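# When you get a sec, could you give me coordinates for this:
(one chain, ligands or ions: 3)
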Amino acid sequence: MIQTLEQISTIAEMRVHIKEARRQGKTIGMVPTMGYLHEGHLSLARAAKENCDVVVMSIFVNPLQFGPNEDFERYPRDIERDRELARSAGVDFLFTPEVSEMYPKPMLTNVSVSHVTELLCGKSRPGHFDGVATVVTKLFQIVQPDYAFFGQKDAQQVAVVSQMVADLSMPVQIVPCPIVREADGLAMSSRNVYLTPEEREEALVLSRSLKQAEAWLYEGVALRDIQERMIAMISEMPLAAIEYVEVLRYPDLVPVEQPTPGESIIVALAVRFGKTRLIDNLITSI
Ligand SMILES: Nc1ncnc2c1ncn2[C@@H]1O[C@H](COP(=O)(O)OP(=O)(O)OP(=O)(O)O)[C@@H](O)[C@H]1O
Ligand SMILES: CC(C)(CO)[C@@H](O)C(=O)[O-]
Ligand code: BAL
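Numbering: from 1, shown residues only. Ligands and ions are numbered 1, 2, ... in the order given. Next comes the predicted model:
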């Protein structure tokens, strides 16, 4: 069957299609993104297609989640290419609102999740997760998905959105999906295009250090020592500037001395290479 895709840019039109899908008793899967699609995004769309009758992908670079000195203006955008990739991954509706459609007036409402937002990216990007929680709430209100697919590359985002959905009894199931990597281990990210060849080469230390951390974890190395060894390993790269390396319990993001068997542990990092901020993580248990 030929996959067709409809691009929609207004909330009103999106609602018409959602209403019709619901009338036909179809299940709706949503994949929220900021576009400039890569295999990571497409893996979410395919997972949605396997599990839902109708797949809605949103592409919206959300100004609310960017700090004043961050890359909102220069965030990569290519809607023509994205449309074709989304279609080939089984997306039925591509929701691409302008900022003026999503925020026609100054926003006086803010959705804020506490605790799990107070460290890692939440600490280094103040207000970021308020912006995420607010726009995700709004997208869920518009699309009313039964399932929403998020990548574990943004593991803290999964923890924040899952907490929000549980706390506010939102009628949607969050489906976390595994990190997709390049053949050499670099986690796929739209921001990888910013990297110079030298920065990209050095950035391989991130996935390498996470693999090493996993081995140390199984050997019973203390979590604090794992953190210190990773910092030493990444610091050997002249172009790397570490924002954080943390080992915490997941998904509540609480520091623990040593993991107990079966308990999920996240090793999470954010490191800058030149102007590019990369994140990566590993979630595992002993
Ligand atoms: N490598 C990846 N593997 C799996 N999911 C991913 C990957 N990269 C992004 N995603 C997921 O895609 C969704 C949209 O993310 P987003 O559009 O911010 O892409 P991104 O590549 O993470 O961008 P950036 O790294 O520049 O923030 C999120 O749920 C995110 O976790
Ligand atoms: C979930 C999201 C689309 C909200 O803007 C964004 O944070 C992202 O792309 O991960
Ligand atoms: N994937 C997280 C979106 C952001 O960096 O703003």
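# Next, count neighbours for Ile283.
17 (other Cβ atoms under 10 Å). (C-beta placed from N, C-alpha, C; glycine too.)
# switch to numbering from 291
With the count now opening at 291, the last piece we talked about shows up as Ile573.
# Could you list the buried residues of the helix or strand where it lies?
Counting by DSSP states H and E, the element that carries Ile573 is strand 566-574. Across strand 566-574, burial judged by 16 or more other Cβ atoms under 10 Å covers 566-573.
# Also stretch 455-462?
455, 460, 462.
# Tell me if I'm right that the second one and Val451 touch.
No - at 9.3 Å, Met460 does not count as touching Val451 under the criterion of Cβ atoms under 8 Å.
# Show me the domain layout of the protein.
Split into domains by automatic domain parsing, the chain comes to 296-467, 480-571.
# returning to what we had before: tell me which strands the strand holding Ile573 pairs with, and in which orientation.
Strand pairing for strand 566-574, using DSSP bridges, gives strand 555-563 (antiparallel).
# At which residues are the helices of the chain located?
Here the chain has its helices, by DSSP state H, at 301-313, 329-341, 369-378, 389-392, 411-414, 418-433, 445-457, 487-509, 513-525.
# I'd like to know the average pLDDT value across the fifth one.
Taken as a whole, helix 411-414 has an average pLDDT of 97.
# what does the longest one give?
Per-residue confidence for helix 487-509 averages out to 98 on the pLDDT scale.
# Kindly report the same for the first one.
Along helix 301-313, the predicted local confidence has a mean pLDDT of 98.
# For that helix, C-alpha coordinates in PDB please.
Provided in PDB are the C-alpha atoms of helix 301-313 (Å, rounded to 0.1, in the frame of the first residue of the first chain):
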ATOM      1  CA  ILE A 301      -4.800  23.300  15.500                       C
ATOM      2  CA  ALA A 302      -8.300  23.500  14.100                       C
ATOM      3  CA  GLU A 303      -7.500  21.300  11.100                       C
ATOM      4  CA  MET A 304      -5.600  18.800  13.300                       C
ATOM      5  CA  ARG A 305      -8.700  18.500  15.500                       C
ATOM      6  CA  VAL A 306     -10.900  17.700  12.500                       C
ATOM      7  CA  HIS A 307      -8.700  14.700  11.600                       C
ATOM      8  CA  ILE A 308      -8.400  13.500  15.200                       C
ATOM      9  CA  LYS A 309     -12.200  13.600  15.600                       C
ATOM     10  CA  GLU A 310     -12.700  11.600  12.400                       C
ATOM     11  CA  ALA A 311     -10.100   9.000  13.500                       C
ATOM     12  CA  ARG A 312     -11.800   8.700  16.800                       C
ATOM     13  CA  ARG A 313     -15.200   8.400  15.200                       C
END
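# So which bits of that helix are buried?
301, 304, 307-308, 311.
# quick one, that helix and helix 418-433 angle?
In terms of direction (axes from the mean of the first three to the mean of the last three Cα atoms, to 10 degrees), helix 301-313 departs from helix 418-433 by 60 degrees.
# can you check the last one too?
Following the same axes, to 10 degrees, one obtains 90 degrees for the angle between helix 513-525 and helix 418-433.
# OK, contacts around Leu513?
507, 537, 546-549, 555 (Cβ atoms under 8 Å, 6 or more residues apart in numbering).
# how much space between the residue in the stretch 341-490 of the chain positioned nearest to ligand 2 and ligand 1?
Closest contact between the stretch 341-490 of the chain and ligand 2, by Cβ to the nearest ligand atom, is at Asn352 (4.0 Å). Between Asn352 and ligand 1 the computed distance is 9 Å (Cβ to the nearest ligand atom, to the nearest Å).
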